[in-house]
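Q: Return atomic coordinates for the entry below.
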Amino acid sequence: MRRSLLLACLTWLLLAGSAMGATTSHVSLNVSLTGITGSSRGPLAPITATSTPTSTLTATRATSTNPIPVIDSDVPPAGRKLSSEEVLAIAARLPKLRALLKQYPGAYSGAYLKGPQHWQVSYFSRGGKKEIAQIIIDDFTGKVLEQWTGFQVAWTMARGYPGAFGRHVNSLYIWLPLCVLFILPFFNFRRPFSLLHLDLLMLLSFSVSLAFFNNAHIYASVPLSYPPLLYLLARMLSLLRRARAAPELPLAVNPQRPLRLLVPASWLAVGVVFLLGFRIALNVTDSNVIDVGYASVIGAQRIAKDRPLYGSFPSDNEHGDTYGPVNYEAYVPAEQIFGWSGTWDDLPAAHAAAVLFDLLAVALLFLIGRRMRGPTLGVALAYAWASYPFTLFALESNSNDTLVAVLVLAAVLAASYRSALAPVGRGALAALAGLTKFAPLALAPILATHGLRQLPARTRPRALVLFVAAFLGAGALAAIPALSHDSLHTIYERTFAYQTDRGSPFSLWGLYGWHRAQELVELATVVLVLALAVIPRRPDIVGLAGACAAAIIATELSLEHWFYLYIPWFFGLVIVALLGNFSDPSPPRVGAASAAARSSLPEAALSS
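A: You can find the predicted model right below:
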């Protein structure tokens, strides 16, 4: 069974390679409409390139690609070859559009100048309530470059524009080498059908879905993201069983087998340094800032200037205030150092923050691994993050998603200590993580009960009280910049209510309208999270990381809107659980342990 799954996953990845290789030639596109110019509309909200004829067109950026309405005329505008009536006639002859108009009686069209060389024709339903079709036409040749209907009218991110997310990281000459670098050091040629190999391939198999997304095949990309999510959920749950330890060794230092590395750990350390340099250089020279990074910089400046955080974002990122206050607060240092011009420019503050979050994630993984098994595991975990293509995908998009991973990993690191203040650290970091993008709030019950069973019964209530007090205290402090200007009602309407009410085609629930099924998944997620918090599981960091990863993955499975930038939310936890389940790859010397070694065993058990 394991062999067939492994072979299936390999075939899946080969299909991804062929699909990604087609992204550069699947259709002639006006790439200036997307993140090539830094104006990509990210996974925040459906945004169409035009407004209805009854409203005033507002420039979202000072570029020549903003659509300019043109009245019906048979005379070409100055500098144009085609007239508005000619482009409307070209659009009206499209078979796809003619079939669509039969479903919308009373629909009407409008012509717009789109950049210096293109026209845009938009069709609206009766009364102008909905844009139902959008066509891009070349002015010189009259050729139809793009034609979009359905959700791809409103969701420009569903159109497969090259480089809209991650730019050149999607290229095969970057993506495929990263996939090889990610899996190769952990590949055991003596056991080619190892379960770890399948785990790593499943982490890479999101590439299949991404390949179809990059080619605007949303009806393929969305369903293909669920098999790896479900597999990883099941895999994390399987790691929660208490491991069988030899009587003479504690659980923490007696895993099933050692981690076999193909290269020495020192080589991996050099690889980490090289990959970090490559990632930073690529970010500085090639990356774009999508709307979530832009929104974070806007919020940071509003906090720094003591202005309301919610309800009054600029029109070019109207719903950028949909995140928790910690998200914006984390960008304040970068915004204060690098500033912000007030427009959607290169946003150096967003670049700096994204790079910092990436470096913090690598450092935290090293520290977690070092506390669990020693520096070798720390280096292996850091290398896994630096070589995993989807963490680079998030970095190249300059999104705020790595911040979620950083705070979650920091909470896990705090949980590795057994001091009296450990519950305080877990509680505070759990609150901060939850007040970024809210999904990590699912981890609060798991982090609250972690380690309680290993404490004496009389000290358990104190530890739980400390966690809750730190959680509430950190949350209250983080909310001060928001609550000093905005009411709880305003904050709720701009965050939870907006996120709940908006539709999205980037999930099975939104794409097919399976909202009843989504409600069942949401209920199952709540039950799972509570079960993970109260049902006994392995008490070490592998157990905690696996439980937290399972909770986040289950939460993502229930979301109306899911995107590849959310993979880093759980990736760090998953790789900690997978690699931490092995012992140090450097086996100890054969023979009796020294007195110092024997005395260190309890300490090692506690630290993990």
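Q: CA atoms for contacts and neighbours, from now on please.
A: Will do.
Q: Please name the residues that touch G434.
A: 324, 440-442 (CA atoms under 8 Å, 6 or more residues apart in numbering).
Q: show me where the stretch 101-250 of the chain has helices.
A: For the stretch 101-250 of the chain, the helices defined by DSSP state H, counting those that start in this stretch occupy 151-154, 172-183, 195-204, 206-214, 218-224, 226-238.
Q: Next: the stretch 251-400 of the chain.
A: Under DSSP H, counting those that start in this stretch, the stretch 251-400 of the chain gives helices at 265-286, 291-304, 325-330, 332-338, 348-372, 375-387, 389-397.
Q: re the thing from before, of all the helices of the stretch 101-250 of the chain, which one is nearest L360?
A: helix 172-183 (19.3 Å; CA to CA).
Q: Flag every buried residue along the closest one.
A: In terms of neighbour count (16 or more other CA atoms under 10 Å), helix 172-183 has its buried residues at 172, 175-176, 178-179, 181-183.
Q: Kindly export stretch 293-313 (C-alpha atoms) in PDB.
A: Taking C-alpha atoms only, stretch 293-313 is exported to PDB below (Å, rounded to 0.1, in the frame of the first residue of the first chain):
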ATOM      1  CA  GLY A 293       1.500  42.800   2.300                       C
ATOM      2  CA  TYR A 294       0.300  46.200   1.100                       C
ATOM      3  CA  ALA A 295      -2.500  46.100   3.700                       C
ATOM      4  CA  SER A 296      -0.100  45.300   6.400                       C
ATOM      5  CA  VAL A 297       2.000  48.400   5.600                       C
ATOM      6  CA  ILE A 298      -1.100  50.600   5.500                       C
ATOM      7  CA  GLY A 299      -2.100  49.300   8.900                       C
ATOM      8  CA  ALA A 300       1.300  49.800  10.400                       C
ATOM      9  CA  GLN A 301       1.400  53.500   9.400                       C
ATOM     10  CA  ARG A 302      -2.100  54.000  10.800                       C
ATOM     11  CA  ILE A 303      -0.900  52.600  14.100                       C
ATOM     12  CA  ALA A 304       2.300  54.700  14.100                       C
ATOM     13  CA  LYS A 305       0.200  57.900  13.400                       C
ATOM     14  CA  ASP A 306      -2.400  57.000  16.000                       C
ATOM     15  CA  ARG A 307      -5.200  56.800  13.500                       C
ATOM     16  CA  PRO A 308      -8.200  54.400  13.300                       C
ATOM     17  CA  LEU A 309      -7.100  50.900  12.200                       C
ATOM     18  CA  TYR A 310     -10.400  49.600  11.000                       C
ATOM     19  CA  GLY A 311     -13.000  51.000   8.700                       C
ATOM     20  CA  SER A 312     -11.100  53.600   6.700                       C
ATOM     21  CA  PHE A 313      -8.500  51.900   4.500                       C
END
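Q: How about the contacts made by E556?
A: Here E556 is in contact with 439, 562, 566 (criterion: CA under 8 Å, 6+ apart).
Q: Among those residues, which one sits closest to N214?
A: Looking across the contacts of E556 and measuring by CA to CA, the closest to N214 is W562, at 15.2 Å.
Q: sorry, back to before: mind giving me JSON lines with the contacts of G434 and columns for secondary structure and distance to S84?
A: Shown next, in JSON lines, are the contacts of G434 (DSSP: H, G, I helix; E, B strand; the rest coil; distance: CA to CA, whole Å):
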{"residue": "G324", "secondary structure": "coil", "distance to S84": "45"}
{"residue": "P440", "secondary structure": "helix", "distance to S84": "51"}
{"residue": "L441", "secondary structure": "helix", "distance to S84": "52"}
{"residue": "A442", "secondary structure": "helix", "distance to S84": "53"}
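Q: what ranges do the helices span in the stretch 501-608 of the chain?
A: According to DSSP H, counting those that start in this stretch, the helices that the stretch 501-608 of the chain contains are 508-512, 515-534, 541-557, 567-580, 595-607.
Q: Name the nearest of the contacts of E556 relative to E493.
A: Set against E493, the nearest of these by CA to CA is A439 (16.9 Å).
Q: close enough to count as contact, the closest one and A554?
A: No: counting by CA atoms under 8 Å, A439 does not reach A554; the two are 10.2 Å apart.
Q: Where does pLDDT dip in this structure?
A: For the chain, the stretches with pLDDT under 70 are 1-65, 242-256, 584-608.
Q: Let me know which of the helices of the stretch 501-608 of the chain is tucked in deepest.
A: helix 541-557 (a mean of 26; mean count of other CA atoms under 10 Å).
Q: and the angle for that helix with helix 515-534?
A: Relative orientation of helix 541-557 and helix 515-534, computed by axes from the mean of the first three to the mean of the last three CA atoms, to 10 degrees: 160 degrees.
Q: Using CSV, list the CA coordinates for helix 541-557.
A: C-alpha atoms of helix 541-557 as CSV (Å, rounded to 0.1, in the frame of the first residue of the first chain):
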residue,chain,number,x,y,z
ILE,A,541,7.0,18.2,21.2
VAL,A,542,6.3,15.8,18.3
GLY,A,543,2.9,15.3,19.8
LEU,A,544,2.3,19.0,20.3
ALA,A,545,3.5,19.9,16.8
GLY,A,546,1.4,17.1,15.3
ALA,A,547,-1.7,18.2,17.2
CYS,A,548,-1.2,21.9,16.3
ALA,A,549,-0.6,21.0,12.7
ALA,A,550,-3.7,18.8,12.6
ALA,A,551,-5.8,21.7,14.1
ILE,A,552,-4.6,24.2,11.5
ILE,A,553,-5.0,21.8,8.6
ALA,A,554,-8.5,21.0,9.7
THR,A,555,-9.3,24.7,10.0
GLU,A,556,-7.9,25.3,6.5
LEU,A,557,-10.1,22.5,5.1
